[in-house]
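Enquirer: 3D model of this:
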Amino acid sequence: MPIITVNGKSVHIQELNKEAAETIVLVHGMFSNLSVYYFNIAPLLATKYHVVLYDLKSHGMSEKSLEGYDLESMTNDLFALMEVLNLQKVHLGGYSFGGLIALKMAIRFPERFNKLAIIEAPDPNDDKTRGIIDEYSREFLEHYVENFTDTTKVKMGKRQMERNHRMYEYLFYQTSIKTDMELEKDFFGSPAIETIKQSTLLLYGTDSNCLNAGKHLDGMIKNASLIAVPGDHNIPIQQPLVIAEALLNFFQEI
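Expert: Next comes the predicted model:
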């Protein structure tokens, strides 16, 4: 489990196919960890690319932090991570809250990114999307235990389930994450999103409460294309191979 120091804090990362010519950085969602990509999506991308995954602060095996969950702070963390890993220009993908981080990175540091993939990024100001976090966390845990290998099930077990629930409770009840996200409620209405010039893939579930957010982004980002995948907000869990293939095809397009 590689742990590196970024901005004075410990960050858990995983890298696949480090010798590849191009790099994809993937950002997971809130109350999750890098394993949402690690088992099914990242290995397919790693057939062609260097893939970098990391646990956000207070998530997975990264160090806890009481504050700094606004998009400015989260993108400062990702920028610093890229500096530590000497990643000058990469493709970037983000799921859910990670999608918001990816959008903010493209706005703040456009020169550091090639293509942009946004999976189920919610509109922070949409009441219908605010309840998704609970559903996502619950489904992630249940699916993880039921569908991965016996070895993984043993490693996960009740202890890991409890650990993940403690992470959720810590983030939601002890950190500034809720108040920090309130600061982002007007993010989708910001004209800054229209400044994104990268070729952008938008992947949303056909039954997702966030689909309208995807349509909104499709109208604001000049070089965006929207693909609706069967499923809801949890499409990386429900349709990992579909998502992986869509990402691989997108990043390989000339």
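Enquirer: if you rank every helix and strand of this protein by mean pLDDT, what lands last?
Expert: helix 132-147 (a mean of 53; mean pLDDT, DSSP states H and E).
Enquirer: low-confidence regions, the stretch 1-150 of the chain specifically.
Expert: Judged by pLDDT under 70, the stretch 1-150 of the chain has its weakly predicted residues at 1, 128-150.
Enquirer: my error: substitute the stretch 151-254 of the chain in the last question.
Expert: Low-confidence segments of the stretch 151-254 of the chain (pLDDT under 70): 151-161.
Enquirer: helices along that one, start to end?
Expert: Residue ranges of the helices in the stretch 151-254 of the chain, as given by DSSP state H, counting those that start in this stretch, are 177-182, 211-220, 235-238, 240-252.
Enquirer: let me know which of these is tucked in deepest.
Expert: Stretch with highest mean neighbour count among the helices of the stretch 151-254 of the chain: helix 235-238 (a mean of 22; mean count of other CB atoms under 10 Å). C-beta coordinates here come from the backbone N, C-alpha and C atoms, glycine included.
Enquirer: chain center to that one, what's the gap?
Expert: Centroid displacement of helix 235-238 relative to its chain, using CA atoms, centre = their mean, to the nearest Å, is 13 Å.
Enquirer: who are the packing partners of it?
Expert: Applying 3 or more CB pairs under 8 Å, 6 or more residues apart in numbering; DSSP states H and E, we find helix 235-238 packed against helix 35-38, helix 132-147, strand 200-205, helix 240-252.
Enquirer: and the helix or strand that the first one is followed by, which residues are buried?
Expert: Following helix 35-38 in sequence order, the next helix or strand is helix 41-45 (DSSP states H and E). Using 16 or more other CB atoms under 10 Å as the burial criterion, the residues of helix 41-45 that qualify are I41, A42, L44, L45.
Enquirer: what helix or strand is the residue nearest to Y37 when sequence neighbours are not counted on?
Expert: Computed as CB to CB, 6 or more residues apart in numbering, the closest residue to Y37 that is not its neighbour in sequence is L26, at 5.0 Å. Assessed by DSSP H and E, L26 sits inside strand 23-27.
Enquirer: alpha carbons only: can I get that strand in PDB?
Expert: Coordinates of each C-alpha in strand 23-27 appear next as PDB, following Å, rounded to 0.1, in the frame of the first residue of the first chain:
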ATOM      1  CA  THR A  23      -1.200   9.000 -17.800                       C
ATOM      2  CA  ILE A  24      -4.800   8.900 -16.600                       C
ATOM      3  CA  VAL A  25      -5.600  10.200 -13.100                       C
ATOM      4  CA  LEU A  26      -8.900   9.000 -11.600                       C
ATOM      5  CA  VAL A  27     -10.700  10.700  -8.700                       C
END
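Enquirer: packing partners for that strand?
Expert: Using 3+ CB pairs under 8 Å, 6+ apart: strand 23-27 touches helix 41-45, strand 50-54, helix 71-84, strand 90-95, helix 97-108.
Enquirer: please spell out which residues along stretch 222-239 are buried.
Expert: Those would be 224, 226, 228-229, 231-239, for stretch 222-239 by 16+ other CB under 10 Å.
Enquirer: appreciated, that's everything.
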